[in-house]
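Below is the sequence, then the predicted model.
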Amino acid sequence: MIGYVTLGTNDLQKNAPFYDKICGALGVGRMMDFDTFIAWGQPGGGAGVALTQPFDGQPATVGNGVMVALQAKDRAQVDEIYKLAMELGAPDEGAAGPRGDEGFYAGYFRDPDGNKLAIFHM
C-alpha cells in the first residue's frame, strides 16, 4: 500500500497554502514541516501527500501521466473540494461528476506547480 506521495515544487512557501486549504477541507493538516519538505495527513491515517524541493537541486517538473488522487468521504465533498480548487485558481482538468461506472465520482485540477490532482469518491 502507498504510505504517502511526494510532489516536487519550485516554491514551497508559495505553494504550501494551496495544500493547507485543500487538505484542511479533507480534515487533515500538516504532519511534517521542514524548510524544504511539508507533508499533509494524519499519522496512522490514510496515505498523505507532500511537497518537496528536489533533493538533486534541479528544478521540479510535472510528470506526464502522473496524478495524485485524494479520497473524499462522499460526492458532496468531491464537489466542495473541486469548487475550492477552482476558487484558489487551480487549472481545471475536468469538472466534478460521474466517470464511467456510476460508483466513481471525481473532479480533476492542477496545483500551482502544475501537478495533476483528482478528488474522488467511490
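Now that the structure is in, tell me what you want to look at.

Report the beta-bridge partners for Phe37.
Under DSSP bridges, the beta-bridge partners of Phe37 are Thr52.

does it really touch Ala50, like I thought?
Yes - in this structure, Phe37 is within contact of Ala50 by C-beta atoms under 8 Å, at 6.3 Å. Every C-beta, even on glycine, is put in place using the N, C-alpha and C of the backbone.

Report the set of residues contacting both of the two.
Thr6 (C-beta atoms under 8 Å, 6 or more residues apart in numbering).

who has more neighbours, the two?
Ala50 (18 against 15; other C-beta atoms under 10 Å).

just checking, what packs against the helix or strand encompassing Gly24?
If you go by DSSP states H and E, Gly24 is part of helix 12-25. Applying 3 or more C-beta pairs under 8 Å, 6 or more residues apart in numbering; DSSP states H and E, we find helix 12-25 packed against strand 29-33, strand 37-41, strand 48-52, helix 75-87.

Determine how far the longest one lies from the middle of the whole chain.
How far helix 75-87 lies from its chain's middle: 12 Å, per C-alpha atoms, centre = their mean, to the nearest Å.

Buried residues in that helix, which are they?
By 16 or more other C-beta atoms under 10 Å, the buried positions in helix 75-87 come out as Gln77, Val78, Asp79, Glu80, Ile81, Tyr82, Leu84, Ala85.

where does this structure dip in pLDDT?
1 (pLDDT under 70).

Can you measure across stretch 3-15, start residue to end residue?
Taking C-alpha to C-alpha, to the nearest Å, stretch 3-15 runs 22 Å from one end to the other.

should've said stretch 28-45
Stretch 28-45: ends 10 Å apart by C-alpha to C-alpha.

List the buried residues in it.
Val28, Arg30, Met31, Ile38, Ala39, Trp40, Gly41.
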